[in-house]
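Visitor: Have a look at this fold, sequence not included:
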């Protein structure tokens with residue numbers, strides 16, 4: 001860090017990233033406070049009234065946002081572009097939320113960004129998420145990125161990310177989640193997701209069956225909406241492999257994907273490709289006929305997305321935390337070799353955990369459960385009640401890591417252990433019981 005950076009740090013409200021994060025958690029009375037006016041006012045001061053100096057893609061959706069964004073970023077890096085990525089939540093370290101060229105920012109960069117946001121805040125109350133989004137916006141400008149990729153935190157219409165007028169809006173999937181905030185059915189949730197559209201803009205929908213509310217929102221604003229399986233698709237080739245195609249015959253990509261590559265990740269990849277093709281006039285592409293290999297795919301996907309970490313017994317980590325995501329997880333497991341399956345499960349209280357359990361009960365032989373370290377955790381008693389209703393065999397533990405250790409200890413070498421239910425659940429198993437995460 002140069003001398004001027006050190007001088008700015010010395011005048012900072014706090015000296016360490018941990019101090020900043022603890023303070024931000026208490027800055028706003030509510031963890032979630034949907035609305036744009038507060039964030040927009042701070043953003044205008046932060047950027048001195050100007051718009052971002054780089055093109056922006058915003059990605060909303062119930063599931064697949066993080067994977068789709070990561071695939072886009074990987075494609076752009078292959079093309080030599082400097083990428084800035086903003087995602088949430090993090091799995092291990094807060095720094096994961098803001099990345100340059102696929103690498104998380106360091107603590108010093110975050111502290112400088114937080115100080116810039118604090119100076120622009122002028123007493124306006126910001127949530128933890130809003131603070132992080134504004135920090136990403138500031139850092140992307142300071143680092144001269146060629147493209148800024150922003151993942152919506154919740155919904156779309158009233159999410160902090162939506163202060164930006166994106167060059168391209170993407171909706172990955174629309175399903176039931178966060179109903180208390182977004183509505184009780186797909187149509188109402190679709191209206192919230194489509195809130196990131198702008199008049200006469202182009203947009204991509206990765207859901208092959210989008211709710212009418214998304215289609216109508218696009219139609220009413222003159223948005224050209226490109227929909228999966230209608231305007232673009234990823235399909236198997238007769239001679240093996242896969243081909244991505246869209247209505248423009250100049251863009252047909254051969255993909256070296258394995259047969260077992262999950263269907264929902266194929267849809268995410270297809271959505272990512274449509275997005276970068278539509279941005280071609282801004283960021284030109286020069287792609288070979290065979291664009292990606294299995295190694296590339298593995299490197300593009302974020303951690304905890306059907307991540308296989310051991311083989312004896314087989315261990316699978318998946319952050320599936322709503323019914324649609326758990327249905328995808330079930331589909332993937334059923335395509336694997338049949339094995340005795342042990343589940344390590346914990347979930348937040350705003351999720352439909354009864355439906356999640358009912359789905360996975362089809363393949364799980366025994367459940368190892370605990371509560372996540374969160375004020376929003378579902379109690380073991382409530383989880384056990386749902387398991388009893390499905391006539392499941394279960395055991396409760398004092399921590400997620402204890403549940404995991406017990407599952408692995410009980411499993412035979414040929415068995416399978418599946419860890420799912422929330423980001424918290426996967427993080428504690430992946431990084432150990434001493435993990436201290438901040439959200």
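Guide: Noted; the coordinates are in hand. This one's a predicted model, so the numbers in the text were calculated from it and none came from an experiment.

Visitor: residues contacting residue 263?
Guide: 328, 331 (CB atoms under 8 Å, 6 or more residues apart in numbering). For glycine as for every other residue, the C-beta is placed from the backbone atoms N, C-alpha and C.

Visitor: State the pLDDT value of the residue nearest in space to the middle of the chain.
Guide: When CA atoms, centre = their mean is applied to the chain, the residue found nearest the centroid is residue 66 (3.0 Å). As predicted, residue 66 sits at a pLDDT of 94.

Visitor: So it: helix, strand or coil?
Guide: helix (DSSP: H, G, I helix; E, B strand; the rest coil).

Visitor: if I look at it, how far off is residue 300?
Guide: Between residue 66 and residue 300 the distance is 11 Å, computed by CB to CB, to the nearest Å.

Visitor: What of residue 279?
Guide: 17 Å.

Visitor: Show me the shaky parts of this protein.
Guide: Along the chain, segments meeting pLDDT under 70 span 1-12, 29-32, 177-179, 181, 258-259, 287-299, 433-439.

Visitor: per-domain residue ranges of it.
Guide: 3-300, 307-431 (automatic domain parsing).

Visitor: The shortest one: end-to-end distance?
Guide: This means domain 307-431. Terminal residues of domain 307-431 are spaced 14 Å apart (CA to CA, to the nearest Å).

Visitor: In contact with the residue nearest to the centre of the chain, which residues are there?
Guide: Per CB under 8 Å, 6+ apart, neighbours of residue 66: 87, 151, 302, 305.

Visitor: CSV for the residues you listed, including distance to residue 167?
Guide: Listed next are the contacts of residue 66 as CSV, based on distance: CB to CB, whole Å:
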residue, distance to residue 167
87, 18
151, 16
302, 23
305, 26
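
Visitor: out of the residues you listed, who's nearest residue 49?
Guide: residue 151 (25.4 Å; CB to CB).

Visitor: mind checking how far the closest one is from residue 20?
Guide: 21 Å.

Visitor: ok, now residue 194?
Guide: 34 Å.

Visitor: Looking at the two, which has the bigger crowd around it?
Guide: Neighbours per residue (other CB atoms under 10 Å) separate residue 194 from residue 20, with residue 194 holding more: 28 against 25.

Visitor: Mind checking what secondary structure that one has?
Guide: With three-state DSSP as the criterion, residue 194 reads helix.

Visitor: Next up, the contacts around it.
Guide: With CB under 8 Å, 6+ apart, residue 194 has these contacts: 156-157, 171, 213-214, 217-218.

Visitor: give me that answer again for 10 Å
Guide: 60, 156-157, 169, 171, 174, 203, 205, 210-211, 213-218, 220-221, 223, 225 (CB atoms under 10 Å, 6 or more residues apart in numbering).
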